[in-house]
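Trainee: here is a sequence together with a model predicted from it:
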Amino acid sequence: MTTLFVPHGAPTFALAPGAAGQALSDWATGREKPPAVLLVSAHWDSAAPCLGAAQQPETLHDYWGFPDELYDISYPAPGAPQVAQQAKELLDGAGFTVGLDDRRGLDHGAWIPLRILYPGADVPVATLSIQSALGPLHHYRVGQALAPLAAGGVLLIASGNLTHNLRHYQTVQGTQPPAYVREFQGWMAERIAEGNIAELLNYRTLAPGAVEAHPRDDHLLPLFVALGAAGENFTAIRLYEGIYDKILAMDAYVFHHA
């Protein structure tokens, strides 16, 4: 039983995946493909959990001002409506109010990492929204409710970024990342390695540079879904550690249930 937390970076990650993309590709290469993926994207935000259940989700180009070739990319993976329905039943049973959207496409938080992991677009995918107003504990509990789905072979992928302060693209000077990027990255790595869920859930008050790393914690919330689904006694492997353009920590993790 495995869950992933992966970066989706800036949209240009699709054109130049670099070392982070290679690490994801290397992990997927040689492994048996899962029967389906349930992907939690930081770029789908809703008041209550909602599941994307399209039969053939379209590729959404939900960004502006980027190179033309980014708008030509298609990722024609089939949908996994049956997985979306199973996930809905699990979340319903855990007391969540859950929606089902049979027209939702794949935003760039979904298709960019999927295209790197499974370039053949041959793994069926369902998607799950975040609730940016509800915080880490809510998302951890969502993950806990979805653990049986992951145990049944569906690969749960959480797509976000370990740091995400886009305002600093315009304001940060020099060639080195701001100190908070590495401080936050290191603090998270230590707590994940320890399995210290209590401190991770309270990262905004405990972690150095937390509010600078995440003015809004939407891009970290998918991580807590992956942690919840992995169970309390998980082991974590950091697949990649790195920083893109001084601001985005692109760390990727795989969590194995003990």
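Mentor: Arrived safely. Numbering: from 1, shown residues only.
Trainee: those helices in the stretch 101-250 of the chain, which residues are they?
Mentor: Counting by DSSP state H, counting those that start in this stretch, the stretch 101-250 of the chain has helices at residues 108-117, 135-151, 168-171, 179-194, 197-201, 203-206, 210-213, 221-230.
Trainee: residue closest to the middle of this protein?
Mentor: The chain has residue 159 as the residue nearest its centroid, 1.5 Å off, counting by C-alpha atoms, centre = their mean.
Trainee: any stretches of the stretch 151-258 of the chain with poor pLDDT?
Mentor: Residues of the stretch 151-258 of the chain that meet the criterion pLDDT under 70 lie in 170, 173, 258.
Trainee: who's in contact with residue 236?
Mentor: Residue 236 sits next to 192, 193, 195, 253, 254, 255, 256 when contact means C-beta atoms under 8 Å, 6 or more residues apart in numbering. Every residue, glycine included, has its C-beta placed from N, CA and C.
Trainee: ugh, typo on my part, it should be residue 214
Mentor: Taking C-beta under 8 Å, 6+ apart, we find residue 214 in contact with 163, 164, 165, 204, 220.
Trainee: ramachandran coordinates for it?
Mentor: Backbone dihedrals for residue 214, given as degrees, to the nearest 10, come out at phi -140, psi 80.
Trainee: now the longest strand along the chain: mean pLDDT?
Mentor: Using DSSP state E to define each element, the chain has its longest strand at strand 37-45. Per-region confidence: strand 37-45 scores 98 on mean pLDDT.
Trainee: ok, residue 116 to residue 250 distance?
Mentor: 12 Å (C-beta to C-beta, to the nearest Å).
Trainee: do the same with residue 157
Mentor: Residue 157 sits 15 Å away from residue 250, going by C-beta to C-beta.
Trainee: what does residue 209 give?
Mentor: Distance, residue 209 to residue 250, using C-beta to C-beta: 17 Å.
Trainee: and what of residue 35?
Mentor: For residue 35, the distance to residue 250 - C-beta to C-beta - is 28 Å.
Trainee: and for residue 125?
Mentor: Note on residue 125: its distance to residue 250, by C-beta to C-beta, is 22 Å.
Trainee: contacts only, for the residue in the chain sticking out farthest from the centre.
Mentor: Distance to the chain centre peaks in the chain at residue 174, reaching 29.2 Å (criterion: C-alpha atoms, centre = their mean). Contacts for residue 174 (C-beta under 8 Å, 6+ apart) come out as none.
Trainee: residue 73 touches residue 13, doesn't it?
Mentor: No: applying C-beta atoms under 8 Å as the test, residue 73 and residue 13 come out as separate, 11.6 Å apart.
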